[in-house]
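1. generate coordinates for the sequence data below:
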Amino acid sequence: MGTKASARLGRTDMLVATALFFGSLAFLFSFAPLSRPAVLDPATWDLMSLGLLEGRIPYRDVFLHKTPGGALLGAMGATLLPRLPGLGLTAFEGAHALFVILGATGPALLFLICRRHQRLVVAMSAALLMVAFDQWPTASLEGVRPKVATTVFGLAALLAAGGGRAFTAGLAAGLSAMCWQPGLCYLGGAAWELLGRGPRAGTSRPLWSLLAGAAVAPGAIAIWLWSAGAAAEFIDQAIIFNLSYTDWHARSPAGTTTQLLRLARSWNHTELWLAPAALAGLVTGTRSRGSGPLTMAGILYLAMSFISLQAWPDTIMFAPFVAAGLALGLARLITACAGHLAPEHLAANATATGLAALILLSALLAATPKAVRMRTPVSFDEQAVFISELEDGLGKDDPVLVIGFPEFSIHTGRRSLWPWPYMWFGVDRFVVERAEGGFSGMLG
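-> Numbering: from 1, shown residues only. Down below sits the predicted model:
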């Protein structure tokens, strides 16, 4: 269990990563994610994904202040997975299934990243603790959640950078940022990894390859939006409006710290209890040369959080950083305590026993989630019955105006007359300022 770490990943490592993927996938599917109702923010992204299949373009036809990668991935799942024989998935289920798969991929990638420079037990514990970080499985189950995809592509970027594949790392980091702008933190982590290689190689070429790869996804999406006549709207919504949106949610450093602690107490009570011991292990243990890229990405994302932290979904991306930190810190503390407290001839056995206990604890925490959102009181079909009652009295071609209720459009197939899925957090002011005739003109 305490196998020495190696910078090269072996066959056993790939087998363990595969087992972690399928184990995580089975765990997530045990919550029947494909029969869950459409809910709130994920439902908005679900609707955007389905709208792409109908030819609706983000920014041009639907207001969107984030980058469009999440909707594009949802549309991909909605298109491809229903075509697989024997599954019988709907487009909605296909979009959700893809994000469940992404949710299972994250812990496997984290295992491989940690395994390059950490013992097997540390890497396995990190993967299991990522599943135990309740925001991660919850977000993976709820549907099209761009922050899940942002994290998975970001981890893929760090893994590729660790293997010296600079262009691939850049490509993955670019995809991460195209799912959500803060995915740029992973580009920083990948650059940190390659900078560690660069001086020894005597060249900055890997960094140029990283940047070239990172430009591919944004470039392709920019061309697509330009060809669809949505480039100006993208700039207006995802850049200009997003700056005011970010400012709208800005908190003081003290306010952000308070919000982070409040969310941690609500979602991550166990992690808070383990954090002091893990921090003690990280401080007293020897520095790990393989922790730099993941640590750098985590620091960058933490800094971004202090620019604008909203609600619990903004903590989804902390999952790999918290999990790896806890695993490494607790393993170091166990090793240090065993070395100092146990008799010399029993130290190795004491360390092995402690690390085995760490794996068991991590597995137990992963298997016993506390988040109530992981189970829903109603199913998708039950939700459909309720929404069908709201449609009573409407003719087949009657227009509808839907604000803040994407579930209605998902179940009925009726698209709102307005392109704005919600009218809060400054969206109303943004719309009025651009509508001919102001508020009255917006109402038509």
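2. show me the contacts for residue 381.
-> Counting by CB atoms under 8 Å, 6 or more residues apart in numbering, residue 381 touches residue 35. Quick note: C-beta positions are derived from backbone N, CA and C, even for glycine.
3. measure the residue nearest to residue 259 when sequence neighbours are not counted to residue 257 for me?
-> Nearest-residue entry for residue 259: residue 309, 5.6 Å, with adjacent residues in sequence omitted and distances by CB to CB, 6 or more residues apart in numbering. Relative to residue 257, residue 309 is positioned 9 Å away (CB to CB, to the nearest Å).
4. neighbour-wise, which of those two wins?
-> For the pair residue 309 and residue 257, the greater number of neighbours falls to residue 309 (19 against 13), based on other CB atoms under 10 Å.
5. distance of that one from residue 246?
-> In terms of CB to CB, residue 309 sits 10 Å off from residue 246.
6. what sits against residue 308?
-> So residue 308 contacts 246-247, 249-251 (CB under 8 Å, 6+ apart).
7. in helices, which of the residues you listed appear?
-> 246-247 (DSSP state H).
8. out of the contacts of residue 308, who's the most crowded?
-> That'd be residue 251 among the contacts of residue 308, by other CB under 10 Å, with 17 neighbours.
9. I'd say that one and residue 309 touch.
-> Yes. Assessed by CB atoms under 8 Å, residue 251 is found in contact with residue 309 at 6.4 Å.
10. where do the contact lists of the two overlap?
-> Both residue 251 and residue 309 are in contact with residue 259, where contact means CB under 8 Å, 6+ apart.
11. who's in contact with residue 248?
-> Counted by CB under 8 Å, 6+ apart, residue 248 has contacts 425-426.
12. pLDDT at it, what is it?
-> Residue 248 is assigned 73 on the pLDDT scale.
13. now it: how far from residue 167?
-> Where residue 167 is concerned, residue 248 sits at a distance of 37 Å (CB to CB).
14. which stretches of the stretch 151-300 of the chain aren't confidently modelled?
-> 197-203, 285-291 (pLDDT under 70).
15. gap between the two ends of stretch 332-350?
-> Taking CA to CA, to the nearest Å, stretch 332-350 runs 13 Å from one end to the other.
16. which strand or helix spans residue 150?
-> Applying DSSP states H and E as the criterion places residue 150 in helix 146-162.
17. run the chain-centre distance for that helix.
-> Relative to its chain's centre, helix 146-162 lies at 9 Å (CA atoms, centre = their mean, to the nearest Å).
18. and that helix, what does it pack onto?
-> The contact analysis (3 or more CB pairs under 8 Å, 6 or more residues apart in numbering; DSSP states H and E) places helix 146-162 against helix 69-80, helix 91-115, helix 135-141, helix 166-179, helix 184-201, helix 292-305, helix 319-341.
19. in TSV, list these along with distance to residue 37.
-> Shown next, in TSV, are those (distance: least, CB to CB, whole Å):
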stretch	distance to residue 37
helix 69-80	16
helix 91-115	11
helix 135-141	12
helix 166-179	24
helix 184-201	32
helix 292-305	29
helix 319-341	24
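20. Serialize the ones you listed to CSV and add fields for mean neighbour count and distance to residue 391.
-> As requested, these are exported to CSV (neighbours: other CB atoms under 10 Å; distance: least, CB to CB, whole Å):
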stretch, mean neighbour count, distance to residue 391
helix 69-80, 23, 22
helix 91-115, 25, 17
helix 135-141, 27, 27
helix 166-179, 26, 33
helix 184-201, 21, 42
helix 292-305, 20, 41
helix 319-341, 22, 38
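21. can you check which of these gets nearest to residue 397?
-> The stretch from those with the least distance to residue 397 (CB to CB) is helix 91-115; that distance is 22.2 Å.
22. what average pLDDT does that closest one get?
-> 97.
23. one more: stretch 360-369?
-> Mean predicted confidence for stretch 360-369 is 95.
24. now it: buried residues?
-> For stretch 360-369, the buried set under the neighbour-count rule, 16 or more other CB atoms under 10 Å, comprises 361-363, 365-366, 369.
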